[in-house]
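K.L.:
this one's sequence-less:
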């Protein structure tokens, strides 16, 4: 997931310009002094300075601008990452409907199975971790975990 | 007189019921601290309904013990899985995790628990001896002084950065920029929220921290194809060897960090987290081997680990003397005191000295108990390293999700965790350090709010930052800190000529 | 009791265990057949742990648990000057298992443009507490009485600073309304935004501001320590805990303003549930435990039932909007 310094620098500059344009819509304090926009604008200017420095460094070192280097991440590793992030998204959207226990069990079992844990172990660990979290958070610490189909 | 109060206090504490409460609170604190997303603040709030049915002495002893345990316990997941259990452990996470990967998990955590106990004791002693006097100084802090305090804190960014300084700056700016999301102080204007209510709160710090450390670490771990083997050797034999040697070698660091931590803790609004960062930076600044920091050097861990527990005692100073909380934990404590009919303020020293001294005894006892309880927690915790990574990683991910959810009970924060996790993964892959961004997140609001309020007060007269004596001194310190790298560079150039 | 149990069993064909749990609801004296509550209730507190709203919601939750016999969990949903918590209260499932402790800000923040949620989006259950604003100065200040302060403000308008909450917060509004009542422009005292009453009081002690319009309970420790002098109370009646502090009405200024807190549920919650909650909380408010707690913290108890609380919210919404407009807090 490595990109060139030049690309990072350019990205920062574009982001900073977008911030500078957007903060124009912020209201000012009385007598025209800057209010909510001051701090973001100062940061944006600093982003631009840092961005230009990175671009200059990148060009001087003669690196390719469109460099993309997976830095040792293999195809299956990439799928693992996508699945881990997918699990978080799954929780965000479905935990409210399914409830905590089902969501947690499904996610844990699925991920462990995918990472080549044997089926019985996946079952045991998924159940164990789900129960441990449930008892600790919902019962002892009174966190209202999502309440869905099943009750919790 | 003082001794007499101490005797009464000891007799109040030395009761089976109080001991039972303290032991329970200790275990509770260790759990809460070790689980990312559950903070000492939240645990204290949960204790309140229980303390409602207790006498003041066990109630206060429970809170004191619980917080001391929780702040230390935050270091356990920081060392084992690179996720700080509480924000206060963020400063030392890089070093302690690197040491774990060298197979020294027991050693680094053993050092952690010992210095945490010593730091806590230093904080307690300063609290006992100097509380009223120090509170007066802390009460002189207004927005001008807070501005300089934030500047001094930010100057630590240079010290916690490894590698390219410009990339460290980028990281710091990212952290600072995240704090601009949400309601602005000057006009109450919703910035960068794009009409989404949840964004009014900005990037909630704890989910962001769990994302930056926890999720990015899970991503890194699963990204390497084969996970079935276990990469770290969990050497449990002689796992605590070498702690005494470290303590002897860095005894000055411990003393210094204890004092720094307590003083930062005393200032209302700056808690154990900022104390740890400043102590870490001070440690690196005065270290003989600053180049080793960040890649597994015990020295920074000693300082930050001492300071965060020392800061706890400090926070009680303004709370007891003026009823103004030094941090969010003591804010709740003030409520508990009121509930018990005790009014914090100068009068508490005359009206109910026995309770006050019982509190002091509880502080000392809690920090002594930290050692046996802490070692047991470490023994239990390090067993985790024996778990194969393909089981451990999904479980950690689940704990991260629930931890982010628990802080505000909203899946929106889980989304924050996801985004900051991806961001941090990308940053680290491109040699942009994460630590400055976390520092920026901690200090961004303090910096902006104190600056803007100062400007409103003074009608945009920048000289106000030097008009008050304390402010002028802090200003001079920050200017020296910020200009020292440039002066050093100039001097080096001049010497070469 | 036994009869009711049998009726319930026949009606709903549920197990004996569940029926016993339900008895609690009937024990409150509600004749309705609604099956509530049978699982933990969440109480949303729109402000952070350690503050006054947090304290009140935690005592309410603790006592409500003994009344309804199910756990009542306090959840702090903070941020956006209260907007996030109040939005969560309004948008929760209207099944009675999410209640909220709404604060006066519900009538203010939609004027600030922070949220579209207003008091109309939630159903009032009851008001439990209200604390009037005060006018607090440092004890070494030259002003000995309220009249001294008013004279100074009239002589040199724009020379003094005040704080207590953020921009557009309740204590800002209290100050703006007071200035309007004495016929001064809203700029006569400059408002310095702060994160809340505690930092503002610290700033007052440090000499950063000249006065704070926060409530007296918030300043109680510093008043007792002799560091801060309350000059007036923005209420119709004196506070029994601070009997020496005169009200603005005593002095002849027609202005009162305070922060209140009350329990609400999302719109669409069955009226029987609102009724059960109202009755349970009424019992709590009348209990010795609650009275003792509120007295120790210095908070004022103010009971209003569902109807009067709803009316009070509507009135407050209108007045607060007007003041914010005349004070220039909102355009």
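P.N.:
Structure's in. What do you need? Keep in mind that what you see is a predicted model, and the values were worked out from it rather than measured.
K.L.:
Show me which residues of the stretch 201-350 of chain B sit near chain C.
P.N.:
With CB under 8 Å from any CB of the partner chain as the criterion, the stretch 201-350 of chain B comes near chain C at residues B:201-202, B:204, B:268-269, B:318, B:322-325, B:328-332, B:334-335, B:338-341, B:343-347. No exception for glycine: its C-beta is placed from N, CA and C like everyone else's.
K.L.:
ranges for the strands of chain B?
P.N.:
Per DSSP state E, chain B carries strands over the ranges B:182-183, B:190-191.
K.L.:
Equivalent analysis for chain A, please.
P.N.:
Listed in chain order, the strands found in chain A under DSSP E are A:2-3, A:68-69.
K.L.:
lowest-confidence stretch among those?
P.N.:
Within those, confidence is poorest for strand A:68-69, with a mean of 67 (mean pLDDT).
K.L.:
that older thread, whichever of the residues of the stretch 201-350 of chain B next to chain C end up buried, select them in ChimeraX.
P.N.:
In ChimeraX, selecting the buried portion of these, with burial taken from 16 or more other CB atoms under 10 Å in any protein chain shown, looks like this:
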select /B:201,202,204,268,269,318,322,323,324,325,328,329,330,331,332,334,335,338,339,340,343,344,345,346
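K.L.:
just checking, residue B:416 touches residue B:206?
P.N.:
No - using CB atoms under 8 Å, residue B:416 and residue B:206 do not qualify as a contacting pair, with a distance of 9.3 Å.
K.L.:
so what's in contact with those two at the same time?
P.N.:
The overlap between the contact sets of residue B:416 and residue B:206 (CB atoms under 8 Å, 6 or more residues apart in numbering or on different chains) consists of residue B:404.
K.L.:
so who does residue B:415 touch?
P.N.:
Residue B:415 makes contact with residue A:92, according to CB under 8 Å, 6+ apart.
K.L.:
List the contacts of residue 84.
P.N.:
Went with chain A since none was named. Applying CB under 8 Å, 6+ apart to residue A:84 gives the contacts A:111, B:215, B:218, B:219, B:222, B:393, B:397.
K.L.:
wrong one, chain C
P.N.:
Residue C:84 makes contact with B:197, B:198, B:200, B:201, C:46, C:77, C:78 under the criterion CB under 8 Å, 6+ apart.
K.L.:
let's see it at 6 Å
P.N.:
Contact partners of residue C:84, counting by CB atoms under 6 Å, 6 or more residues apart in numbering or on different chains, are B:197, B:200, B:201, C:77.
K.L.:
What is the lowest-pLDDT residue among those?
P.N.:
The pLDDT minimum for those sits at residue B:201, where the score is 83.
K.L.:
wait, doesn't residue C:55 sit right on residue B:334?
P.N.:
No - counting by CB atoms under 6 Å, residue B:334 is not a contact partner of residue C:55; they are 9.5 Å apart.
K.L.:
residues near residue A:44, how many?
P.N.:
Around residue A:44 sit 25 other residues, with neighbours defined as other CB atoms under 10 Å in any protein chain shown.
K.L.:
An error on my part: the question was meant for residue C:237.
P.N.:
Other residues within reach of residue C:237, judged by other CB under 10 Å, total 12.
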